[in-house]
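# here is a sequence together with a model predicted from it:
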Amino acid sequence: MTRGTTLIKGGWVLPMTDREVYDGGAVLVKDGVVGAVFRAGDTLPEAETVVNATGCVVMPGLVNTHCHSPMSLFRGLADDMPLASWLNEHIFPAEAAHINPETVRAGALLSCAEMLLSGTTTVCDGYFYEGEVAEAVVETGIRGVLAHGVIDFPAPGVPDPSVNVEKAAAFVEAWKDRFSLITPSIFCHTPYTCSEKTLSAAKEACRLLGVLFQIHVAETEDEVQRLKEERGISPYQLLDDLHILDESTLLIHNVWMNNGDMDLVARRGATASHNPGSNTKLASGLCPAQALMDKGIHVGLGTDGAASNNNLDLFNEMQVTAKLHKAYSLDPVAMDAWTVLEMATREGAKAIGLGGSIGSLLPGKRADIILVDMNKPHLTPTHNPVSHLVYAASGADVRDVFVEGRQVVKEGRLLTVDVDSVMAEVNRIAAFMG
Ligand SMILES: CSC[C@H]1O[C@@H](n2cnc3c(O)ncnc32)[C@H](O)[C@@H]1O
Ligand SMILES: [Zn+2]
C-alpha cells in the first residue's frame with residue numbers, strides 16, 4: 001500500500017475523457033493527481049484511504065467559468081430589472097458604499113463555500129480587491145483563476161483609474177506561481193467602460209505576464225447597437241482591431257453575436273463563457289452557445305455573480321442550459337445532457353486555460369473530484385446517471401469533494417472553514433446595507 005493514496009471505489013465513474021460511464025469503476029488518487037481510472041472487474045490497488053462511492057457518481061469537479069465571488073453580499077438586493085438599471089442604479093452604488101477588503105473577504109468566503117458544497121472545484125473570478133478573494137480561495141481550498149478588475153472609473157481599491165492596469169498587473173505578479181490552486185488573470189469590465197488605450201494596455205500586460213485576459217462582451221442588444229451607431233463595428237471587431245482576440249482571451253456573455261463575429265472569434269481561438277442564469281434573469285437574451293461550439297470555440301458554463309443569478313450552483317446552470325436551448329430552438333435534441341456536462345467540466349477547463357490540468361479524470365491531471373449521491377428520492381431509479389446530473393440533481397446532492405487530492409467536503413460538510421461563522425459575518429455586513 002502506497003502512503004498518500006486514496007482509492008474512490010464503486011458507483012458510476014464518469015472520467016469525462018469520452019462519453020463513457022464506468023458502472024462499478026474506481027479512481028486512484030496519488031500525490032494530488034489522478035493515478036488511474038478502473039473499470040468494474042479490474043484488479044484494484046490497495047490504498048491508504050478507501051472511499052466507498054457506492055450509489056454515487058464519481059466525476060471531475062465542476063468548473064465555473066465566470067463569477068464575481070464577493071457579489072454574494074448583494075444577493076437579492078436588486079432583482080427583476082435590466083442590466084443597465086441593475087448595474088448603474090443599484091450595484092455600482094452598493095459597491096462604492098460597501099466594498100472594502102473585509103467585505104470582499106467575507107463575500108468571497110461565502111461564495112467559495114457555496115461553490116464547493118455544490119460541486120464546483122474551480123472558479124474563474126473577477127473583482128476588485130481580488131487579493132482578498134485569493135486569500136479566501138486558499139482558506140477554503142477551491143481552485144481559482146482569479147482576475148483583478150479594470151474599469152475606467154474610480155473603483156473599489158482603485159480610486160485613480162489612470163493606474164488601473166498597473167494595479168491589475170501588480171496583482172498578477174503578487175500571485176503568479178505562488179499557490180498551485182491560484183492562477184492570476186486580468187479582467188477588463190466591458191468594451192464600453194474601458195477605453196481602447198486601457199484595453200490594449202491590459203492585454204499587453206496579460207501577454208507579458210503570460211495570463212488570461214477576460215472581458216464581458218455583447219451582453220445586451222443596446223451595447224452592440226450603440227457601438228454600431230457610433231463606430232459601425234461590432235464589439236468583437238473592436239477587440240480584434242486592438243489585437244485582443246487570441247487563445248488567451250475569455251469572452252464572457254456573447255449574447256448579441258452575428259455569424260461574422262462567431263467566425264472571427266473561432267479564427268482567433270478565443271474562448272467563451274455562457275452564463276444563461278444571469279442572462280435570462282437580466283433579460284439580456286441567449287448566447288448562441290451551440291453555434292459557437294459548432295465552430296470549434298471552447299464554451300464553458302458560468303454563474304456570474306450571485307447578485308444576478310441568484311445562486312452559484314452549476315447543477316442549476318446545467319439544467320437551465322439544457323432546457324433553455326431546447327425551448328429557444330424548438331429542438332429537443334439541442335444541448336443534450338452529455339454536451340452540457342462537458343461544458344461544465346472539460347470544455348470549461350479549456351475555456352479558462354486549464355485544459356491540460358483539470359476538467360477530466362485523465363491520469364496525471366489534478367485530482368479535482370466530486371461524488372454526487374444518487375441515493376435520493378428525486379434521483380431514483382438511476383437509469384442514466386448523466387441524465388440525472390443535468391435534469392434532476394442539484395448541488396445539494398454533492399456528498400464529497402476533493403481538490404488536488406485533498407478532501408474539502410465530506411458527507412455534505414465543508415471541512416476547511418466554519419460555514420456558520422462565514423454566514424454570520426455576511427449577515428452582519430448586510431445589516432448595514434439599505
Ligand atoms: C471588473 S469585473 C467586476 C465588475 O463587474 C460588475 N458586473 C457584475 N456582473 C456584471 C455583468 O453581468 N455585466 C456587467 N458588469 C457586471 C460588477 O458589479 C463589478 O463592478
Ligand atoms: Zn459578470
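Right, received. Where do you want to start? Numbers count the residues shown, from 1 in each chain. Ligands and ions are numbered 1, 2, ... in the order given.
# for ligand 1, what's its nearest residue on the stretch 101-250 of the chain.
residue 149 (2.9 Å; Cβ to the nearest ligand atom). The C-beta positions use only the backbone N, C-alpha and C, and glycine is treated the same way.
# over to that residue. Which of the three states is it?
strand (DSSP: H, G, I helix; E, B strand; the rest coil).
# from what I see, it and residue 190 are in contact.
No: under the criterion of Cβ atoms under 8 Å, residue 149 makes no contact with residue 190, lying 10.9 Å away.
# could you list the buried residues of the helix or strand containing residue 427?
Using DSSP states H and E, residue 427 sits within helix 419-430. Buried residues in helix 419-430, counting neighbours by 16 or more other Cβ atoms under 10 Å, are found at 419, 422, 425-426, 429-430.
# that one: how far from the chain's middle?
The chain centroid and the centroid of helix 419-430 are separated by 23 Å, computed with Cα atoms, centre = their mean, to the nearest Å.
# likewise for stretch 383-401?
Centre to centre, stretch against its chain (Cα atoms, centre = their mean), the figure for stretch 383-401 is 18 Å.
# where in this protein is pLDDT low?
Within the chain, the segments meeting pLDDT under 70 span 1, 434.
# show me what from it comes close to ligand 1.
Remark: the part of the chain in contact with ligand 1 comprises 68, 83, 87, 91, 95, 126-127, 149, 151, 187, 189-190, 216, 219, 278, 304-305, 308, using Cβ under 6 Å from any ligand atom.
# just the ones of these in strands?
Using DSSP state E, the members of the residues of the chain next to ligand 1 that fall within strands are 126-127, 149, 187, 216.
# taking those together, which two end up most distant?
Using Cβ to Cβ, those reach their maximum pairwise distance at 127 and 216, which is 12.5 Å.
# the domain parsing of the chain - what is it?
With domains defined by the TED database, the chain comprises 5-60+359-414, 62-352.
# circling back to that earlier point, more neighbours: which of residue 149 and residue 190?
residue 149 (24 against 19; other Cβ atoms under 10 Å).
# for that one, give me its contacts.
Contact partners of residue 149, counting by Cβ atoms under 8 Å, 6 or more residues apart in numbering, are 126-128, 130, 155, 158, 168, 187, 189.
# shouldn't residue 129 be in contact with residue 98?
No: the criterion here is Cβ under 8 Å, and residue 129 misses it with residue 98 at 11.9 Å.
# who's more crowded, these two?
Taking other Cβ under 10 Å, residue 129 and residue 98 do not tie; residue 129 has more neighbours (24 against 20).
# ok, back up a step: can you redo the ones in strands among the residues of the chain next to ligand 1 as TSV with distance to residue 49?
Output for those, formatted as TSV (distance: Cβ to Cβ, whole Å):
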residue	distance to residue 49
126	36
127	36
149	40
187	38
216	42
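# need the buried ones from the residues you listed selected in PyMOL.
The PyMOL selection below is limited to those of those classed as buried (16+ other Cβ under 10 Å):
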select buried, resi 126+127+149+187+216
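# list just the nearest of the ones in strands among the residues of the chain next to ligand 1 to residue 139.
Top of the list for closeness to residue 139, among these and by Cβ to Cβ, is residue 127 at 16.4 Å.
# can you count the residues close to the residue nearest to that closest one when sequence neighbours are not counted?
Counting by Cβ to Cβ, 6 or more residues apart in numbering, the nearest residue to residue 127 once its immediate chain neighbours are dropped is residue 68, at 4.9 Å. A count of neighbours around residue 68, defined by other Cβ under 10 Å, yields 27.
# surely residue 68 touches residue 126?
Yes: here residue 68 reaches residue 126: they are 6.1 Å apart, a contact under Cβ under 8 Å.
# can you pull out the helices in the stretch 101-250 of the chain?
101-117, 130-140, 164-175, 196-209, 221-231, 235-241 (DSSP state H, counting those that start in this stretch).
# what of the stretch 251-400 of the chain?
259-268, 276-281, 289-294, 314-329, 337-343, 346-351, 385-391.
# of those, flag the one that's most buried.
helix 346-351 (a mean of 27; mean count of other Cβ atoms under 10 Å).
# packing partners of that helix?
Where contact means 3 or more Cβ pairs under 8 Å, 6 or more residues apart in numbering; DSSP states H and E, helix 346-351 is packed against strand 62-67, strand 271-274, strand 299-301.
# hmm, who's touching it?
Under the contact criterion Cβ under 8 Å, 6+ apart, helix 346-351 has outside partners 16-17, 60, 62-65, 122, 250, 271-273, 293, 298-301, 355, 357-360.
# show me which of those residues are buried.
Among these, those classed as buried by neighbour count (16+ other Cβ under 10 Å) are 16, 60, 62-65, 122, 250, 271-273, 293, 298-301, 355, 357-360.
# what about the most centrally placed residue in the chain, distance to ligand 1?
The C-alpha lying nearest the average C-alpha coordinate of the chain belongs to residue 64 (Cα atoms, centre = their mean; 1.7 Å). According to Cβ to the nearest ligand atom, to the nearest Å, residue 64 and ligand 1 sit 14 Å apart.
# got it, and residue 93?
11 Å.
# neighbours of that residue, how many?
Neighbour tally, residue 93, other Cβ under 10 Å: 13.
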